[in-house]
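Visitor: everything below, folded, please.
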Amino acid sequence: MKEKTQNAGRGASLAMGVAFVGFTTRFGLIPLVKTGYSYIGYATLIVIPFIVHMIVGCVKKQPVMGSEAAEN
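Guide: Presented below is the predicted three-dimensional model:
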């Protein structure tokens, strides 16, 4: 049973590889890379504000050194 599963996995990965090669030869690699970079650019524009917000939130929550001594 395990051997059939391994063969099915190999067949699926081979099919994915053939599909990817067929896709890149049909549409070209340069437009594919250009599209990928545009999606990465949009993702960066969306993600950077969240990262800055997270960093600022963590910095505000940390106690300031010496503030505990001033309170006592």
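Visitor: counting neighbours, which bits of the helix or strand where Asn7 lies end up buried?
Guide: Asn7 is part of helix 2-27 when elements are defined by DSSP states H and E. Of the residues in helix 2-27, none is buried by neighbour count under the rule 16 or more other C-beta atoms under 10 Å. The way it works is simple: take the backbone N, C-alpha and C, and place the C-beta from them, glycine included.
Visitor: now that helix: average pLDDT?
Guide: The average pLDDT for helix 2-27 rounds to 80.
Visitor: try stretch 43-50
Guide: Mean pLDDT, stretch 43-50: 87.
Visitor: can I get that stretch in CSV, CA atoms only?
Guide: Output for stretch 43-50, consisting of C-alpha atoms alone and laid out as CSV, is shown next (Å, rounded to 0.1, in the frame of the first residue of the first chain):
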residue,chain,number,x,y,z
ALA,A,43,2.2,42.3,-0.9
THR,A,44,5.1,44.4,0.3
LEU,A,45,2.9,47.6,0.3
ILE,A,46,0.3,45.8,2.3
VAL,A,47,2.6,44.0,4.8
ILE,A,48,5.0,46.8,5.7
PRO,A,49,2.5,48.9,7.6
PHE,A,50,1.5,45.9,9.7
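Visitor: how far out from the middle of the chain is that stretch?
Guide: The gap between where stretch 43-50 is centred and where its chain is centred comes out at 12 Å by C-alpha atoms, centre = their mean, to the nearest Å.
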